[in-house]
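A.B. asks: next one to model:
(2 chains)
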Amino acid sequence: MTDIIIAGIGQTSVGELWDLSLRELAFKAIETAIIDSGRLRPQALFVGNMLSQNLSQQAHLGTLLVDFAGLRFDDDQLSTGIEAATIEAGGASGGAALRQGYLAVKSGLVDVVLVVGVEKFTDCIGSGVEAALATTSDGDFESIHGLTPTAQAALLMRRYLHEFDVPPDGLAGFILTAHSNGACNPNAMFQKAIKLETYRKAEMVSEPLNVFDIAPNADGAAALILTRSDLLPPDFPHPRVRISGSAAACDGLALHDRRDPLWFEAAQLSAWKAIKQAGITLAQISLFEYHDSTSIHAALSLEAVGFAKRGMGWKLAQNGDTALNGKIPCATFGGLKARGNPGGATGVYQAVEAVTQLRYQAGANQVRGARYALIQSLGGPASTSFTHILERME
Amino acid sequence: MEIPRHWRLKGQRYGLVGEICPHCEAKIFPPRDICPACGQDSKTAYTFSGKGEVYSYTTIYEPPAGYEENAPYTVALVKLTEGPLVTAQLTDVGDQPIQIGMPVEMVTRKLRQDGDERGMLVYGYKFRPVLQTQAA
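C.D. replies: Okay, the predicted model is just below:
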């Protein structure tokens, strides 16, 4: 069997990066990833992006980034013939781009793939951003009613608290874990731990969802170089990390079209498929990078993947089981909540962070002895789910 | 302006017209032509009663573009008596507290306005608490 290796990683800091354009952001991550890989030359580029057409009036990112990043020509100024396209799957665009890259290399048709996730949020503010985000839900039957993804998470959270008798501050553990881990991540948007009291006093955005329950929309870019193990140079400088599971699944796009809105079926299906492909059990997973675009997303993801029983996901965070030294460390660099949520780049950040863990280069955030990382990229309320299992090869 | 887009949905927006599956009798809203319950063809129109109860709700203070004039407004998932969940705004609530399980009924209201005072008005369903006289 051919191993697909994540040979290079790159990321920018996440935040309000007004001095960098979309293409400049992407280039910074691309350049870092290529150098990190020992300068492997990509033959294909897959771009994970969610909203550039709405927020930057820019489509056609594949060719734009190939051109801007100098990938059209090789060192002798000969055309490389690289191909490129954007992959869009709402908030899961990054995970979707990674899977397309994996499929391309795994198929044998492409030797080296570059995956870049990029999102430029902060050129716009306010109602325009909310309207852009709302385009990722069902236009005719959800967003026409003025529903936003944030409000939709509030609907889920209220029902969750009601159905499972969870206290109003029951989800606080996710926020405390995320901010604690973000504190040691130099690329995170928020690098400060917070106290339970701060969460309790926080301003409501859409009840019961407060300002801390929501991951901040932010600018950022992350990149990966994928190749086959037999194509790695003999002096490849890093511990090898392979993709041992890659799977995706869809649910109804609209939350109201689910058999059970409180069950993330696509997250479950994609996780189980990926775990099966990797040939491991859930107990072997060393860390879980979940898609905590809101705290209720984190709770429902833990339940869907199987780390907690239904209605009990919140307790894992409350008990400290999701901490770096806990039973199943989550959001080890701060997650979407503290690192920030750069839309279509988020799923690629998860991979960059997981590779950093599996190379044992995570510094203060290192999960000891990490061997398998499960990363999951969700679009909407798990309308779409892409799950990957990354493995440190011995 | 997207006029045809909204015009095509007039049955749903003004009348909650969905479908009933001729094979398993599942009631379907919004209509989709393939029954989500049994996977067979389902193109028989069915008009919902408009009665239901609140499954969950929240209030939006930071609306998307086009909805500013209504803010803050309350959106809900409403469990229709016939089965399906729908996303819609709650309206005519007044001072009464909203609760999960509260009975509501469909009414037609303005959903949004495109552009300035000359812009198109989009009407559609919202839900209000069942009136006391009717509830008795």
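
A.B. asks: show the contacting residues for residue A:141.
C.D. replies: By Cβ atoms under 8 Å, 6 or more residues apart in numbering or on different chains, the contact set of residue A:141 is A:254, A:256, B:12, B:30, B:86, B:87. Where you see a C-beta, it was placed from the backbone N, CA and C, and this is true even at glycine.

A.B. asks: what do you get if the cut-off is 10 Å, keeping everything else the same?
C.D. replies: Residues near residue A:141 by Cβ atoms under 10 Å, 6 or more residues apart in numbering or on different chains: A:147, A:253-254, A:256-257, B:9, B:12-13, B:29-30, B:86-88, B:124.

A.B. asks: how about residue A:87?
C.D. replies: Residue A:87 touches A:46-49, A:61-62, A:93-101, A:115, A:117, A:344, A:347, counting by Cβ under 10 Å, 6+ apart.

A.B. asks: out of the residues you listed, which sit inside strands?
C.D. replies: A:46, A:47, A:48, A:115, A:117 (DSSP state E).

A.B. asks: TSV for the residues you listed, including pLDDT and distance to residue A:295?
C.D. replies: Below are these laid out as TSV (pLDDT from 0 to 100; distance: Cβ to Cβ, whole Å):
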residue	pLDDT	distance to residue A:295
A:46	98	30
A:47	98	29
A:48	98	24
A:115	99	28
A:117	98	23
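
A.B. asks: okay if I get the residues you listed as CSV plus neighbour count?
C.D. replies: Putting the ones in strands among the contacts of residue A:87 into CSV (neighbours: other Cβ atoms under 10 Å in any protein chain shown) gives the following:
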residue, neighbour count
A:46, 29
A:47, 32
A:48, 35
A:115, 32
A:117, 36
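
A.B. asks: residue A:277: which of those is nearest?
C.D. replies: residue A:115 (18.9 Å; Cβ to Cβ).

A.B. asks: I figured that closest one hits residue A:47, correct?
C.D. replies: Yes: counting by Cβ atoms under 10 Å, residue A:115 sits close enough to residue A:47 to count as a contact (8.1 Å).

A.B. asks: overlap in contacts of those two?
C.D. replies: With Cβ under 10 Å, 6+ apart, residue A:115 and residue A:47 have common neighbours A:87, A:94, A:97, A:100, A:223, A:348.

A.B. asks: any idea how many residues pack against the third one?
C.D. replies: As a burial measure, the neighbour count of residue A:97 was computed by other Cβ atoms under 10 Å in any protein chain shown and equals 34.

A.B. asks: and for residue B:33?
C.D. replies: 9.

A.B. asks: distance of it from residue B:116?
C.D. replies: 37 Å (Cβ to Cβ, to the nearest Å).

A.B. asks: so residue A:352 belongs to a helix, correct?
C.D. replies: Yes: Residue A:352: assigned to a helix according to DSSP: H, G, I helix; E, B strand; the rest coil.

A.B. asks: show me what contacts it?
C.D. replies: Neighbouring residues of residue A:352 by Cβ under 10 Å, 6+ apart: A:6, A:8-11, A:29, A:32-33, A:36, A:117, A:187, A:222-224, A:289, A:333, A:345, A:375.

A.B. asks: restricted to strands, list those.
C.D. replies: A:6, A:8, A:9, A:10, A:11, A:117, A:222, A:223, A:224, A:289, A:375.

A.B. asks: and the second one, bridged to which residues?
C.D. replies: Counting by DSSP bridges, residue A:8 forms beta bridges with residue A:225.

A.B. asks: three-state assignment of the residue of the stretch 251-394 of chain A found nearest chain B?
C.D. replies: Proximity of the stretch 251-394 of chain A to chain B (Cβ to the nearest Cβ) peaks at residue A:256, 3.9 Å away. The local conformation at residue A:256, judged by three-state DSSP, is helix.

A.B. asks: that one and residue B:52 touch, don't they?
C.D. replies: No: if you go by Cβ under 10 Å, residue A:256 and residue B:52 don't touch, sitting 11.5 Å apart.

A.B. asks: who touches both of the two?
C.D. replies: With Cβ under 10 Å, 6+ apart, residue A:256 and residue B:52 have common neighbours B:77, B:78, B:79, B:80, B:84, B:85, B:86, B:88.

A.B. asks: great, nothing more from me.
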